[in-house]
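Undergrad: Sequence below, structure please.
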Amino acid sequence: MKQINVAQVIEGSKVNSFHLTVLLWCTFLILFDGYDLVVYGAVIPTLSQEWGTAPGILGLIGSLTLVGGLIGSLICGIVADKVGRKKVIIACVAIFGSFTLMTGLAKGPVDFAIYRFLAGLGLGGIPPLLVVLTSEYSPKPIKNMMVGIMFSGYSIGGILVSLFGMKVIPELGWEWMFFIGAIPLLAIPFLIKFLPESLYYYVEKGDYEKAKGIVARLNPSYVPHDADRFIMNLSTSGVPVVKLFENRRGRSTIMFWIACFMGLLMVYGLGTWLPQLMIKAGYPLNSSLLFLCCLNIGAIVGSVCGGWLADRIGSKRVLISYFSIGAVCLLLLGFKPGSFFLYVLVAIAGAATIGSQNLNNAYISMFYPTQIKSTALGWALGIGRFGAIVGPTIGGLLIEWELPIYINFLSFAIPAFIAAISISLVQNKYNSTMNLELSSPKRYQKII
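TA: Predicted coordinates for the structure are as follows:
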């Protein structure tokens, strides 16, 4: 008979094909989240001409997608902690893929808006669950880096929209951009077969045979026995959202929410309007495609390198540095640097906005106990979705008001500074590694 500590098995495992399977599937799915972020902006000019829809209505449609994502993010995190990560991920993929496919069949702005909203419900629930699953199955020494690699798929999706858009929209029509976005539907049978469920979930629900199978894949030398016992810490009662404020984690929870709000404000605001702002300011941009690739390449490098650094010096230090450097770069863009420095600053801005948000997701996932990880990240990203809604609005107003160029960039630098301050106020001493010392009377050790 063996007594198996679930956390020790996962964190002490060596990287093998099982870890790579989780990483590849999560990267594949997050790629389409990044794709969806950019695809609407790519088809707006065509939709405006084809349907004669006013820019204000098109902006409202974009916001509806984000509202759907907000609702999905808040609901799916809570449901996943109750019924399992895998089931909710597959359900979200089915919802998102189906209504993205329907979007390509839309005949007017009304049904287009409805399909986009419903697709947002599924899409909003996917990112927090993928972060949790990747983090949960990552060996401790490379946990941040694996989440950073996974989130690089987000930026790859944005690059693919730019590459596809140049050929697909003129030759096949805008509809095919959404047909491509529905590709995850084809992956559902493979997800059912190959995507693993949370080991913690199997143990909590008493599905010991499947738990032993996961342990064997994490540690090939493990030989299962009928009398093996699994140990992990669980909470016996309480509302998951309320638990985000227990054990002196209330202040940190609020700070994470603020950082996510500011991070997604920058990601969606800059992603939607920064090219137009820079062209309007007279920057020598030869190609918006080159600009978008530069921004997303910076995000990929920032996510992976930032994850590597976070595993060595801590997520908090890296995030404070990233957000601060990003704010400085955005301010420098207001001084109209030469072409070379322009693209360098844009790349760093990509690392410090999209890259920082990716690292912040990993930080949140590790900060909270396993049984509320999905809820914690789902709510943080849900609150952040308000920032995603506000960001494009701010960019549109800046263009409409024709403000001085330095004011435009200052407007996006300020959220970066606020995010850095918020992360600095997160209390690391109350993170999930302190659960045993700070556990309440309702917490107990469950041995199976």
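Undergrad: quick one, what contacts the closest residue to residue 352 other than its chain neighbours?
TA: Among residues not flanking residue 352 along the chain, residue 326 sits closest, at 2.4 Å (CB to CB, 6 or more residues apart in numbering). (C-beta placed from N, C-alpha, C; glycine too.) By CB atoms under 8 Å, 6 or more residues apart in numbering, the contact set of residue 326 is 266, 348-349, 351-353, 356, 413, 416.
Undergrad: State the pair within those residues that is farthest apart.
TA: Across the contacts of residue 326, no pair lies farther apart than 351 and 413, at 14.9 Å, counting by CB to CB.
Undergrad: Show me which of those two is the more surrounded one.
TA: Shown here are residue 351 and residue 413; by other CB atoms under 10 Å, residue 351 has more neighbours (28 against 22).
Undergrad: hang on, isn't residue 137 packed against residue 21?
TA: No: between residue 137 and residue 21 there is no contact under CB atoms under 8 Å: 9.2 Å.
Undergrad: can you give me the helices for the stretch 1-150 of the chain?
TA: Assignment of helices within the stretch 1-150 of the chain using DSSP state H, counting those that start in this stretch yields the ranges 6-11, 17-51, 55-83, 85-103, 109-136, 143-172.
Undergrad: Okay, the closest residue to residue 310 other than its chain neighbours and residue 49: tell me how far apart.
TA: Closest residue to residue 310 apart from its sequence neighbours, by CB to CB, 6+ apart: residue 144 at 3.7 Å. Per CB to CB, to the nearest Å, residue 144 is found 45 Å from residue 49.
Undergrad: how far away is residue 91 from residue 370?
TA: To residue 370, residue 91 is 21 Å away according to CB to CB.
Undergrad: of those two, who's got more company?
TA: Set side by side, residue 91 and residue 370 give different neighbour counts by other CB under 10 Å, the larger being at residue 370 (25 against 17).
Undergrad: ok, that one touching residue 137?
TA: No: assessed by CB under 8 Å, residue 370 is found out of contact with residue 137, at 11.6 Å.
Undergrad: Report the spatially closest residue to the spatially most central residue of the chain, excluding sequence-adjacent ones.
TA: Taking CA atoms, centre = their mean, the centroid of the chain lies closest to residue 127, which sits 4.5 Å from it. Excluding the flanking residues, the one nearest residue 127 by CB to CB, 6+ apart is residue 33, at 5.6 Å.
Undergrad: Make sure the one you found is actually in contact with residue 123.
TA: Yes: in this structure, residue 33 is within contact of residue 123 by CB under 8 Å, at 6.2 Å.
Undergrad: Between these two, which is the more surrounded one?
TA: residue 123 (28 against 21).
Undergrad: could you measure the nearest residue to that one once chain neighbours are set aside against residue 118, distance?
TA: Residue nearest to residue 123 in three dimensions, not counting chain neighbours: residue 96, with 4.5 Å by CB to CB, 6+ apart. Distance of residue 96 to residue 118, given as CB to CB: 9 Å.
Undergrad: neighbour count winner among those two?
TA: Taking neighbours as other CB under 10 Å, residue 96 and residue 118 compare with residue 96 leading, 30 against 21.
Undergrad: give me every residue that touches the more buried one.
TA: Residue 96 makes contacts with 32, 36, 119, 121-123, 126, 184, as judged by CB under 8 Å, 6+ apart.
Undergrad: what's the answer for residue 316, then?
TA: The contact partners of residue 316, by CB under 8 Å, 6+ apart, come to 363, 423-424, 426, 428.
Undergrad: which secondary structure element contains it?
TA: Using DSSP states H and E, residue 316 sits within helix 315-333.
Undergrad: how about that helix: buried residues?
TA: 315-316, 318-333 (16 or more other CB atoms under 10 Å).
Undergrad: Just the CA trace of it, in PDB.
TA: What follows is helix 315-333, C-alpha atoms only, in PDB (Å, rounded to 0.1, in the frame of the first residue of the first chain):
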ATOM      1  CA  SER A 315       5.900  35.800 -10.900                       C
ATOM      2  CA  LYS A 316       5.400  39.000  -8.900                       C
ATOM      3  CA  ARG A 317       8.800  40.500  -9.700                       C
ATOM      4  CA  VAL A 318       8.500  39.700 -13.400                       C
ATOM      5  CA  LEU A 319       5.000  41.100 -13.700                       C
ATOM      6  CA  ILE A 320       5.900  44.400 -12.000                       C
ATOM      7  CA  SER A 321       8.900  44.800 -14.300                       C
ATOM      8  CA  TYR A 322       6.900  43.900 -17.400                       C
ATOM      9  CA  PHE A 323       4.000  46.200 -16.800                       C
ATOM     10  CA  SER A 324       6.400  49.100 -15.800                       C
ATOM     11  CA  ILE A 325       8.600  48.600 -18.900                       C
ATOM     12  CA  GLY A 326       5.500  48.400 -21.100                       C
ATOM     13  CA  ALA A 327       4.200  51.700 -19.700                       C
ATOM     14  CA  VAL A 328       7.600  53.300 -20.500                       C
ATOM     15  CA  CYS A 329       7.600  52.000 -24.000                       C
ATOM     16  CA  LEU A 330       4.100  53.200 -24.700                       C
ATOM     17  CA  LEU A 331       5.100  56.700 -23.500                       C
ATOM     18  CA  LEU A 332       8.200  56.600 -25.700                       C
ATOM     19  CA  LEU A 333       6.100  55.900 -28.700                       C
END
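Undergrad: chain center to that helix: distance?
TA: 19 Å (CA atoms, centre = their mean, to the nearest Å).
Undergrad: Specify the angle between it and helix 143-172 in degrees.
TA: Orientation check (axes from the mean of the first three to the mean of the last three CA atoms, to 10 degrees): helix 315-333 against helix 143-172 gives 40 degrees.
Undergrad: Could you identify the helix or strand that succeeds helix 315-333?
TA: Downstream of helix 315-333, the first helix or strand assigned by DSSP H and E is helix 339-350.
Undergrad: what's the average pLDDT for that next one?
TA: In this model, helix 339-350 has a mean pLDDT of 83.
Undergrad: which helices and strands sit right next to it?
TA: Judged by 3 or more CB pairs under 8 Å, 6 or more residues apart in numbering; DSSP states H and E, the packing partners of helix 339-350 are helix 288-313, helix 315-333.
Undergrad: tell me the angle the following helix or strand past it makes with helix 143-172.
TA: As assigned by DSSP H and E, the chain's next helix or strand after helix 339-350 is helix 356-367. Helix 356-367 runs at 140 degrees relative to helix 143-172, counting by the same axes, to 10 degrees.
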